[in-house]
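Engineer: my questions concern the predicted model and sequence given below.
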Amino acid sequence: SAVANSPLFDSVQSFLSSPKQLLIDGRWVSAKSGKNFDVFDPATDEVVAQVAEGDAADIDLAVTAARKAFDSGPWSKMTPSQRGQLIWKVGELIEQNADELAQLETLDNGKPFNVAKAADVALAADMFRYMAGWATKIEGDTLSLGVPYAPDADFHAFTMREPIGVVGQIIPWNFPLLMAAWKLAPALATGCTVVLKPAEQTPLSALRLGELLLEAGIPAGVVNIVPGFGETAGAAIASHDLIDKVAFTGSTEVGKIIIKAAAGNLKKVTLELGGKSPNVIYDDADIDMAIAGAADAIFFNQGQVCSAGSRLYVQKGIYDEVVAGVSEIANNLKVGSGFDPATQMGPLVSREQHERVSGYLRAGLAEGAQASAGGAPLDRPGYFVQPTVLKDASVDMSVVREEIFGPVVAAMPFSDDGDLVSQANDSAYGLASGIWTKDISKAHRFAKAVKAGTVWINCYNIFDASLPFGGYKQSGWGREMGHAALENYLQTKSVVIKL
Ligand code: ADP
């Protein structure tokens, strides 16, 4: 089999050799339907595992377990300090199992092992540690009231921050473990309980994380993990009457479906959706750094990053030089299996994604863009496409307006500041942005004017557990990471006492 022939660690082999089940109420169980689905290695198109396929019936059981752990305990009965210590332990276990988790990520998602270990796994461990500290620091306010219709009364008033309750979390396949961490850590820090659905393309690292959560001592029912498909398991989460909040990361299209499904019981909704982020290079930038940065902004993680710098705006005088520079990097990128240490770019995650990105390449070329690097899928097994730079792109093209979610950048020239800001903001999305210049005033003016949740100046794709991340416009609702993320999982109660 693919597994027996690949260079997998013993720990990964043994993880894969046992049936991959659902985590419900602290136990590993088969799906009620008895069904399983196949998980593929994107570098070979071979099946590497079968995973129990949860649907509405399993989500129901998971919600019941999460409800119990929230409504009667143990999670709600523990002190914040006890919860914080368990969350910290999860971070430590992720770090201790970093190699194994990184291999699972490479096998399941295709990304290079070294990237998975240094970025995905390290950031996931850090997220649990960062949020562990917040468990003991969630505080309300004391308020002085002046009530016009009760002028003689004296009041003492305060607010309490309470966990929202049972949270449904639906995550994508581009950073499978890290997205689980972004979702679980703040929910646990606030005292919520969770039903998590990993993406059907990449359930493996979340299931291994489930084992680590139990090993850390997170009590039964606090985190339930139910892999399954979007239209069945995902939809059951979004519409479930006993779920108080749904947190989703994925496409804008599905985000809109989630909102409608959530309306039934008006569960709270946060969304981290698509992007088409502008990355801007001025002629006063350090050009070599900017070229390398622009390439990294789009090719990192095979371009499957919601914040990818997919619209590259270059000031006129340096446009040709920058396009040539980014194209040269693209042409020299070593594309291959994520298990090969020399690989810089792996395959796309799935056959479907491969077809999607290939379709955009055909459309872009048909609409008149020129490929100055790449431009086609790679003719080999696995879901590989060429890193691609499209020049002569214009604003009416699908490759400029729509999120491709692949290693494809559309380059366009701009002449002056006004021209640039209106081009940069001419998008339905508003997730991230980048600017390369040595002029700090220019950089700050752009930071104020751009309609995006993140602005990177002379850098790109820099993330930290303390730094809020999320979207303007159709890129989403709410912020993840930082203490802003706690707001997604808390509600406020006002208490007024007449003295
Ligand atoms: P992509 O198209 O890149 O796979 P999606 O937005 O479809 O991104 O998927 C992100 C997550 O949303 C996945 O876990 C997927 O299973 C889930 N999902 C897809 N469709 C639905 C839906 N109708 N309701 C709830 N979840 C869904």
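Structural biologist: Cool, the structure landed.

Engineer: residues from the stretch 201-350 of the chain in reach of the ligand?
Structural biologist: Phe229, Gly230, Glu231, Gly234, Ala235, Ala238, Gly250, Ser251, Val254, Ile257, Ile258 (Cβ under 6 Å from any ligand atom). Every residue, glycine included, has its C-beta placed from N, CA and C.

Engineer: distance of the last one from Pro163?
Structural biologist: Note on Ile258: its distance to Pro163, by Cβ to Cβ, to the nearest Å, is 21 Å.

Engineer: same list, the residues of the stretch 201-350 of the chain next to the ligand, but as CSV with pLDDT please.
Structural biologist: Output for those, formatted as CSV (pLDDT from 0 to 100):
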residue, pLDDT
Phe229, 98
Gly230, 98
Glu231, 98
Gly234, 98
Ala235, 98
Ala238, 98
Gly250, 98
Ser251, 97
Val254, 98
Ile257, 98
Ile258, 98
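
Engineer: return the members of these classed as buried.
Structural biologist: Gly230, Gly234, Ala235, Ala238, Gly250, Ser251, Val254, Ile257, Ile258 (16 or more other Cβ atoms under 10 Å).

Engineer: residues in contact with the first one?
Structural biologist: So the one you mean is Gly230. Residues near Gly230 by Cβ atoms under 8 Å, 6 or more residues apart in numbering: Ile170, Glu200, Val254.

Engineer: filter those down to the ones in helices?
Structural biologist: Counting by DSSP state H, the contacts of Gly230 place Val254 in helices.

Engineer: among the contacts of Gly230, which one sits closest to the ligand?
Structural biologist: Distances from the ligand to the contacts of Gly230, taken as Cβ to the nearest ligand atom, are shortest for Val254 (3.5 Å).

Engineer: residues contacting the closest one?
Structural biologist: Gly230, Gly234, Phe248.

Engineer: just put those residues in CSV and tack on secondary structure and distance to Ser433.
Structural biologist: What follows is the contacts of Val254, written out as CSV (DSSP: H, G, I helix; E, B strand; the rest coil; distance: Cβ to Cβ, whole Å):
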residue, secondary structure, distance to Ser433
Gly230, helix, 29
Gly234, helix, 30
Phe248, strand, 23
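
Engineer: between those residues, which is nearest His483?
Structural biologist: Relative to His483, the closest of the contacts of Val254 is Phe248; by Cβ to Cβ it sits at 20.9 Å.

Engineer: tell me which residue lies farthest from the centre of this structure.
Structural biologist: The C-alpha centroid of the chain is most remote from Asp152, which lies 52.9 Å away (Cα atoms, centre = their mean).

Engineer: nearest residue to the middle of the protein?
Structural biologist: Centre-nearest of the chain using Cα atoms, centre = their mean is Met179, 4.5 Å out.

Engineer: got a list of what that one touches?
Structural biologist: Ile171, Pro172, Thr249.

Engineer: just to be sure, it is in a helix?
Structural biologist: Yes: Met179: assigned to a helix according to DSSP: H, G, I helix; E, B strand; the rest coil.

Engineer: if I look at it, how far off is Tyr429?
Structural biologist: For Met179, the distance to Tyr429 - Cβ to Cβ - is 19 Å.

Engineer: do the same with Pro227
Structural biologist: From Pro227 to Tyr429 the distance is 28 Å (Cβ to Cβ).

Engineer: could you point out where the protein is predicted with low confidence?
Structural biologist: When residues are selected by pLDDT under 70, those of the chain lie in 1-6.

Engineer: tell me where the stretch 251-400 of the chain has strands.
Structural biologist: Counting by DSSP state E, counting those that start in this stretch, the stretch 251-400 of the chain has strands at residues 268-272, 278-281, 311-315, 370-373, 388-391.

Engineer: JSON lines for the ones you listed, including mean neighbour count?
Structural biologist: Shown next, in JSON lines, are the strands of the stretch 251-400 of the chain (neighbours: other Cβ atoms under 10 Å):
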{"stretch": "strand 268-272", "mean neighbour count": "23"}
{"stretch": "strand 278-281", "mean neighbour count": "28"}
{"stretch": "strand 311-315", "mean neighbour count": "26"}
{"stretch": "strand 370-373", "mean neighbour count": "19"}
{"stretch": "strand 388-391", "mean neighbour count": "28"}
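
Engineer: next, give phi and psi for Thr343.
Structural biologist: Dihedral angles of Thr343 (phi, psi; degrees, to the nearest 10) stand at phi -70, psi 130.

Engineer: wait, it touches Lys111, no?
Structural biologist: No: using Cβ atoms under 8 Å, Thr343 is not in contact with Lys111; the gap is 9.3 Å.

Engineer: please, which helix or strand holds Ala122?
Structural biologist: For Ala122, the element it lies in under DSSP states H and E is helix 122-134.

Engineer: from the contact counts, what lies against the helix or strand that comes right after that helix?
Structural biologist: Next along the chain after helix 122-134, taking DSSP H and E as the criterion, comes strand 142-143. Strand 142-143 is packed against strand 155-163, with contacts defined by 3 or more Cβ pairs under 8 Å, 6 or more residues apart in numbering; DSSP states H and E.

Engineer: quick one: residues in contact with the strand it packs on.
Structural biologist: Against strand 155-163 from outside (Cβ under 8 Å, 6+ apart): 70, 76, 138-145, 147, 190-192, 489-499.

Engineer: same thing but at 7 Å, please
Structural biologist: 138-143, 145, 147, 190-192, 489-499 (Cβ atoms under 7 Å, 6 or more residues apart in numbering).
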